[in-house]
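Peer 1: based on what follows, work out the 3D shape:
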Amino acid sequence: MMRMTIPVFALLLAGFLFAQQQPKTYTGVITDTMCGADHAHMGVSPDDKCVRECVRTSKGKFKYALYDPQAKKMYVLSDQQTPEKFAARKVVVNGTLFEKTGILKVDSIQAAGGA
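Peer 2: Predicted coordinates for the structure are as follows:
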């Protein structure tokens, strides 16, 4: 019985490891979780100032996020410091998306070409 258990366990472990999310590249605009894609309703301009103020003044309630206009989805970023310098700019984020939580674990953020 023991001989059978080890291969079964090894297969299950291999399947679990293979199923883990792999880092990908995501392109979008750095925004905040309050405004999302539209900053006009806040009356704060330009957009980069609105993004920074929403995050800074919310006492942790609102977070930096990546808005993907093609998918019309917003992903909360695990890194809440680096995005500040890219506020309202198009960027490329390398990282792992956790679908259940909508959190994008950031490995790197760079300005997108032509941004």
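Peer 1: going by C-alpha atoms from here, please, whenever you check contacts or count neighbours.
Peer 2: OK.
Peer 1: list the residues that contact Asp47.
Peer 2: His39, Ala87, Ala88 (Cα atoms under 8 Å, 6 or more residues apart in numbering).
Peer 1: try 10 Å
Peer 2: Going by Cα atoms under 10 Å, 6 or more residues apart in numbering, Asp47 touches Thr31, Cys35, Asp38, His39, Ala40, Glu53, Ala87, Ala88, Arg89.
Peer 1: just want the most central residue of this protein.
Peer 2: By Cα atoms, centre = their mean, the mean C-alpha position of the chain lies nearest to Leu104, the distance being 3.1 Å.
Peer 1: may I ask which helix or strand encompasses that residue?
Peer 2: Using DSSP states H and E, the element containing Leu104 is strand 103-111.
Peer 1: chain center to that strand: distance?
Peer 2: 6 Å (Cα atoms, centre = their mean, to the nearest Å).
Peer 1: may I have that strand exported as PDB, CA atoms only?
Peer 2: C-alpha atoms of strand 103-111 as PDB (Å, rounded to 0.1, in the frame of the first residue of the first chain):
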ATOM      1  CA  ILE A 103      -4.700  41.400  -6.500                       C
ATOM      2  CA  LEU A 104      -1.800  41.600  -8.900                       C
ATOM      3  CA  LYS A 105       1.400  40.700  -7.200                       C
ATOM      4  CA  VAL A 106       3.900  43.000  -8.700                       C
ATOM      5  CA  ASP A 107       7.300  41.900  -9.800                       C
ATOM      6  CA  SER A 108       8.100  45.100 -11.800                       C
ATOM      7  CA  ILE A 109       6.400  48.200 -13.200                       C
ATOM      8  CA  GLN A 110       7.800  50.100 -16.200                       C
ATOM      9  CA  ALA A 111       6.400  52.900 -18.300                       C
END
